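Chemist: 3D model of this:
(2 chains)
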Amino acid sequence: MPDLAVNFAGIASPNPFWLASAPPTNCGEQVMRAFDAGWGGAVWKTIGEQVTNTASRYSSIDWNGQRMMGLNNIELISDRPLDVNLCEIAEVKKRYPKNAVIASLMVESKREAWHRIVVQAEDAGADGLELNFGCPHGMSERGMGSAVGQVPEYTEMITSWAKEKARTPVIVKLTPNISDIRVIARAAKRGGADAVSAINTINSITGIDLDTFTPRPNVDGKSTHGGYCGPAVKPIALNMVQQVTSDPKAALPISGIGGVSTWRDAAEFFLLGCGTVQVCTAVMHYGYRIVEDMIDGLEDWMREKGFATIEDFRGLTLPHVTEWKHLNLNYKIVAHIDEAKCIGCDLCYIACWDGAHQCIHRDRVTGPVDGPVELHTVPASIEAATRATIAVTPIPRLDAHTRDGSKDKTPVERIPRVDETECVGCNLCALVCPVDECITMVEVPTGLPSETWEERARSKECAPPAMHG
Amino acid sequence: MREQHPIIAERFPDLHPPFAAQAATVEANRCLNCFDAPCTAACPTHIDVPKFIKKIASGNLGGSARTILDANVLGASCSRVCPVDVLCEGACVMHRYNKQPIEIARLQRFAMDGFHALGGRLPKKFEDSRPGHIACIGAGPASLACAAELAQQGFGVTVFERRPLPGGLNTYGVAEYKLPAWASLREIELIEDLGVEFQFGAEIDAEKLAEIEREFDLVFIGVGLGAGHGLKIPGGDHSGVVDALEFIAAYKTAKITSTNGKVAVIGAGNTAIDAANAALRLGAAEVSIVYRRKRENMSAFGFEYEHAKQEGVRFLWQTLPVRVITDGGMLEFMECTRVDDAVLPVAGSEFLLPCDLIITAVGQSPLLDLLEELKGVTLEKGRVVIERRTGRTTNPRYFAGGDCVNGGREVVDAVADGKRAAIAMTRHFEATYA
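Modeler: Numbers count the residues shown, from 1 in each chain, chains lettered A, B, ... in the order given. From the prediction side, this is the model:
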């Protein structure tokens, strides 16, 4: 039985699934229900000086009928009194001593203010502190949140102020709204941070109402940029996490955040070196109950792979991530279409013609071929030929021969053919194919030794200059 | 007819209820958007199905309807009456994806209902009017499609129709739970709106034909088929023996709103099934379909057969009517005999089928009296011979399409015929007046 318990920078947690500092951790009642559902830890909704929030606050991107591919919010930190939050943190810790409660903090950029809030949070019983240097909206206009997290000097200074008083681990939450996240991660490390978490939300305008011309969320006819999160941001988060975990000057324990919705997402963050993950949007969408499958699914996968703990596979992907210049230019793969699986949608054909390298063709024919087969029929010609056909409704009385069960079989003319000599192995056809395992990318041995761009450039430098004639 | 009779409305509600807006979007999103889509190829009018479906998904309902109408001017009625199991939906690649095919017909209806609700009009394809006058004989789907395309192209069109309302079988002959008459008529109003002139109550004889030949440059023959074959057995001329299409037209026009007692329907085609289902819905105690061959020989579509069984229709296979027995002028029995695979009576198998109404649905005869008046137009087995791609008959001034050409196919086939003929006529005029 895999053991999901983790010790993250000194914070013990029964599992690596934490709720991110956000609406799902707004109050003690919520956090206790979350722990009952199975969450290992919770980063409390950021506390500090009480604020007033707007109505409305959220907006989202739907995609192809799916709700909330990406979620945007303009909510500020906790709008509840500080003492109420502290009191509830104490209550939660008393009732759930084994779960991790991390206090997310944000106060004005004054040493005394940070000292005071650190002491208050720890006195309430927080197991750790997360410094919110990432909130991209509202608070940043008041010199807090990402206004701190975008300036390395501020990040380092305030981290060090927190560390002056902190007895529990200090996690610095990083903003992605910066050109190189490593610069801030290094500053946090210099300031004495015990860990970092990444990423906070990304500046966004999610969409505009085409009737009122007002962006969403609409606050009395106006809107403002918010922070973007949810499944859409996961690739950005994974990249930024990898940048931090691969940088020796920044490397600290890292809690992964950004679009984690399932155990698969979580496993990816762990493979890039994260010690815990934090979840918000998926819970805002479906509730705390989703953690059950995150635990169950991860355990199952770990059993299958023979991993006993998170540490057994944490960071295993990092050696596989490198710079472009180190990729082997002599590696060749080509697309292979499984005729038995092809359903004849021909999306690979049009994707290759319009979006790639024109090397998938619709030229399979049944029966004997008279003369050369035209390989390069452009898409428009194929469509025009179809429109020119005369189709009739097959009527049993008139067309006895048409009564068959051919619905289950793809006509051979609709099964595209890959010209392997032209295929550049880009993957696009496999990506658009709706059928699992129908298009696979197959390695073609080139007989050439591995050669990277860097190696090729160097060998050109060494080679004698070409003769010009 | 522009409003359903309340009893008919109650007993013939939509067989396939329309999509609610959000359900349509969900279904539209499910479509894979195939390239050179098989559904489009399977449609006789080649509606660009993925294109109109993805416009529903993007919220471009107007564009969706225009995409449909560009290919098929009777897109609304086709969305309700097409046997999509053997057309677009039957061709959907989703069958091979271990999933349900996309509900193309319901999506098409959704787009067309939205179009009508917003008072959409058919676009012109050529802005000005051009020389060229065409007479369309018959106001069924073939003629309507021909007339609409020609009017959109700027030509003058007059449609001659024997009945008081346009639409042919769309208006008078399709089961009301598929296509109510008002929906057929609403769609045709848009064709009138294009400037097409309709002459109703027009009987076409030699004299009228001569007049039409004088007044019009080209003629489209879309007259469909004639009367049903009837029941040629002793007593078959009894007033309790009615033709299926007349029975259907009678309830659709609310001339009858109830059927009592036991009903025998002779024949096992789609019309027989429509009539049998209607009789049950109108209150018949028992409805039996009497067919001389076996189930696998029936000409009705498989899904129609399944539907009839669900409605409660009985099927008597390999059964042949012998004579009609009356009592005091009232129908009492139809004597039947069982037949073998060669449709030869099995001795001693005769039995009496109690019935109060007999509906015959054994096919229609061609309108030979009319067709034989067309000079230079070749017929074959009572069907007008045409050149497939242009609809041109052996008389270059005459074009034809629909049931009088194909012997009785679907609305969508008639629409495709009419449109092909209209395009050929347009080319003819463009060449003539260039």
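
Chemist: Residues of chain A that sit close to chain B?
Modeler: A:64-65, A:343-347, A:349-350, A:362, A:379, A:382-383, A:386-387, A:389-398, A:402, A:407-410, A:414, A:434-435 (CB under 8 Å from any CB of the partner chain). C-betas here are computed from N, CA, C, even on glycine.

Chemist: Narrow those to those in strands?
Modeler: Assigned to strands by DSSP state E, none of those qualify.

Chemist: Could I have the ChimeraX command that selects the buried members from those?
Modeler: Buried residues within those, by 16 or more other CB atoms under 10 Å in any protein chain shown, are selected in ChimeraX with:
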select /A:343,344,345,346,347,349,350,362,379,382,383,386,391,392,393,394,395,396,397,407,410,414,435
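
Chemist: Now, the residues of chain A next to chain B that are in helices?
Modeler: A:347, A:349, A:350, A:379, A:382, A:383, A:386, A:387 (DSSP state H).

Chemist: and which of those is nearest to chain B?
Modeler: Nearest to chain B among those is residue A:350, at 3.9 Å by CB to the nearest CB.

Chemist: Quick check: that closest one touching residue A:382?
Modeler: No. Using CB atoms under 8 Å, residue A:350 is not in contact with residue A:382, being 9.4 Å away.

Chemist: Point me to the residue of the stretch 301-434 of chain B nearest chain A.
Modeler: For the stretch 301-434 of chain B, CB to the nearest CB, closest residue to chain A: residue B:410, 4.3 Å.

Chemist: for the longest helix anywhere in chain B, packing partners?
Modeler: Longest helix of chain B, by residue count under DSSP H: helix B:411-432. When contacts are defined as 3 or more CB pairs under 8 Å, 6 or more residues apart in numbering or on different chains; DSSP states H and E, helix B:411-432 packs onto helix B:75-81, helix B:141-152, strand B:218-221, strand B:398-400, helix B:403-406.

Chemist: would you turn these into JSON lines with mean pLDDT?
Modeler: Converted to JSON lines, the helices and strands packed on helix B:411-432 look like this (pLDDT from 0 to 100):
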{"stretch": "helix B:75-81", "mean pLDDT": "97"}
{"stretch": "helix B:141-152", "mean pLDDT": "98"}
{"stretch": "strand B:218-221", "mean pLDDT": "98"}
{"stretch": "strand B:398-400", "mean pLDDT": "98"}
{"stretch": "helix B:403-406", "mean pLDDT": "96"}
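
Chemist: if I pick the spatially most central residue of chain B, what's in contact with it?
Modeler: Among the residues of chain B, the one closest to the centroid is residue B:411, at 4.2 Å (CA atoms, centre = their mean). By CB atoms under 8 Å, 6 or more residues apart in numbering or on different chains, the residues touching residue B:411 are B:74, B:77, B:78, B:81, B:82, B:141, B:169, B:170, B:174.

Chemist: Okay, domains of chain B per the record?
Modeler: Domain segmentation of chain B under automatic domain parsing yields B:16-117, B:133-226+B:365-432, B:241-360.

Chemist: any idea how far the longest one is from the chain center?
Modeler: What it means is domain B:133-226+B:365-432. In this view, domain B:133-226+B:365-432 has its centroid 14 Å away from the chain centroid, taken as CA atoms, centre = their mean, to the nearest Å.

Chemist: can you check the shortest one too?
Modeler: Taking the mean of its C-alpha atoms, domain B:16-117 sits 19 Å from the chain's own mean (CA atoms, centre = their mean).

Chemist: ok, back up a step: got a pLDDT number for the residue of the stretch 301-434 of chain B closest to chain A?
Modeler: At residue B:410, the model reports a pLDDT of 95.

Chemist: re the thing from before, pull out the buried positions in the longest helix of chain B.
Modeler: B:411-426, B:428-429.

Chemist: residue furthest from the geometric center of chain B?
Modeler: Extreme point of chain B relative to centroid (CA atoms, centre = their mean) is residue B:348; 40.6 Å.

Chemist: and the longest helix of chain B with helix B:141-152, angle?
Modeler: For helix B:411-432 against helix B:141-152, the angle by axes from the mean of the first three to the mean of the last three CA atoms, to 10 degrees is 40 degrees.

Chemist: Just the CA coordinates for helix B:411-432, please, in CSV.
Modeler: C-alpha atoms of helix B:411-432 as CSV (Å, rounded to 0.1, in the frame of the first residue of the first chain):
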residue,chain,number,x,y,z
VAL,B,411,-38.6,14.4,-50.3
VAL,B,412,-34.8,15.0,-50.3
ASP,B,413,-34.4,13.2,-53.6
ALA,B,414,-37.1,15.2,-55.1
VAL,B,415,-35.5,18.4,-53.9
ALA,B,416,-32.1,17.4,-55.3
ASP,B,417,-33.8,16.6,-58.7
GLY,B,418,-35.5,20.0,-58.8
LYS,B,419,-32.4,21.9,-57.9
ARG,B,420,-30.3,20.1,-60.5
ALA,B,421,-32.8,20.9,-63.1
ALA,B,422,-33.0,24.5,-62.1
ILE,B,423,-29.2,24.8,-62.3
ALA,B,424,-29.3,23.3,-65.8
MET,B,425,-32.1,25.7,-66.8
THR,B,426,-30.1,28.6,-65.4
ARG,B,427,-27.1,27.5,-67.6
HIS,B,428,-29.4,27.2,-70.6
PHE,B,429,-30.7,30.7,-70.2
GLU,B,430,-27.2,32.1,-69.5
ALA,B,431,-26.0,30.5,-72.7
THR,B,432,-29.1,31.7,-74.6
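
Chemist: list the contacts for the one residue in the stretch 151-300 of chain A that gets nearest to chain B?
Modeler: Using CB to the nearest CB, the single residue of the stretch 151-300 of chain A nearest to chain B is residue A:210, 9.2 Å away. Contacts for residue A:210 (CB under 8 Å, 6+ apart) come out as none.

Chemist: host element of it?
Modeler: Using DSSP states H and E, residue A:210 sits within no helix or strand.

Chemist: Per-residue pLDDT of it, please?
Modeler: At residue A:210, pLDDT is 96.

Chemist: Which residue ranges of the stretch 51-200 of chain B form helices?
Modeler: Secondary structure of the stretch 51-200 of chain B by DSSP state H, counting those that start in this stretch: the helices cover B:61-71, B:75-81, B:88-91, B:104-117, B:141-152, B:169-172, B:181-193.

Chemist: so of these, which one's packed in deepest?
Modeler: Greatest average neighbour count among the helices of the stretch 51-200 of chain B goes to helix B:141-152 (a mean of 31), per mean count of other CB atoms under 10 Å in any protein chain shown.

Chemist: Show me what that helix is packed against.
Modeler: So helix B:141-152, by 3+ CB pairs under 8 Å, 6+ apart, packs with strand B:133-137, strand B:156-161, helix B:181-193, strand B:218-221, helix B:411-432.

Chemist: And these: which comes nearest residue B:384?
Modeler: strand B:218-221 (6.1 Å; CB to CB).

Chemist: Show me what residue of the stretch 1-150 of chain A gets nearest to chain B.
Modeler: Of the residues in the stretch 1-150 of chain A, the one nearest chain B is residue A:65, at a distance of 3.7 Å by CB to the nearest CB.
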